[in-house]
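A.B. asks: model this:
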Amino acid sequence: MPTPSKSRLAEAQRLENLWAGPFGDAYVKRNADVGDGRELFWSGLLEKHSAANALEVGCNVGANLHWIAQHLGPTQTYGVDVNEGALEILHRRLPGVNAISTPARQLPFRDRWFDLVFTCGVLIHQPESTLPLVMSEIVRVSRKFVLAVEYHADDIVEVPYRRQRGALFKRDYRRRYQELFPELELLDGGFLGRDQGWDDATWCLFRTS
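C.D. replies: Got it, this is the predicted structure:
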């Protein structure tokens, strides 16, 4: 995939700096216990679709990795994020889980390294300029499954988000994946409501090979 121009990368870097700084720290505090109701989703997914290891892109404090590590084991559970404070909390809560600081558009892993690679409320914070690059990195490092849990809209809609411009976009992420990577096979999907521990998001699971 072509490398974005410097001007387009600048917007991605602006948002990465936003999430890495005090704005992201405040998000961490607001969402310290956000994953409490998600056990059923992760148990069902991992029992139906076998995976030896998994990577969450944009893991924050480990709300999803908490459940995944119970199935796969901490050493086979990975996460990346740009907020150092979130990663410090994650390491305290989930000893043995592999979590490092890196932007989503530059994943420091070899091709096809993980059985499952996923995002939960992370693609919504990517600008149009580098969204394809982030999605390409996710597909690149997956050898079996790609999962997206994101806010949905049939067409791109920018949502005002805590007085920040260009910080949250609803899109049809299933369609975006299928347009960019027609080789992906859609396996499953649905809606996840607040009563299930999620923030009214849609999910779609693809097989990469």
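
A.B. asks: contacts and neighbour counts: CA atoms only from here.
C.D. replies: Fine.

A.B. asks: give me the neighbour count for the nearest residue to G197 once chain neighbours are set aside.
C.D. replies: Closest residue to G197 apart from its sequence neighbours, by Cα to Cα, 6 or more residues apart in numbering: G37 at 4.1 Å. Look at G37: counted by other Cα atoms under 10 Å, it has 14 neighbours.

A.B. asks: list the contacts for G37?
C.D. replies: 195-198 (Cα atoms under 8 Å, 6 or more residues apart in numbering).

A.B. asks: the helix ranked longest in the chain: what's the following helix or strand?
C.D. replies: For the chain, the helix that runs over the most residues, judged by DSSP state H, is helix 6-20. Once helix 6-20 ends, the next helix or strand along the chain (criterion: DSSP states H and E) is helix 22-30.

A.B. asks: helices and strands around that next one, which ones?
C.D. replies: For helix 22-30, the packing partners by 3 or more Cα pairs under 8 Å, 6 or more residues apart in numbering; DSSP states H and E come out as helix 84-93.

A.B. asks: please enumerate residues in contact with the helix it packs on?
C.D. replies: Contacts to helix 84-93, defined as Cα under 8 Å, 6+ apart, come from residues 20, 25, 28, 60-62, 81, 97, 99-101.

A.B. asks: sitting in helices, which of the contacts of G37 do you find?
C.D. replies: Secondary structure defined by DSSP H assigns none of the contacts of G37 to helices.

A.B. asks: now restrict the residues you listed to buried residues only.
C.D. replies: Among these, the ones that count as buried by 16 or more other Cα atoms under 10 Å are 196-198.

A.B. asks: now for the longest helix of the chain, which elements pack on it?
C.D. replies: With contacts defined as 3+ Cα pairs under 8 Å, 6+ apart, helix 6-20 has no packing partner among the helices and strands.
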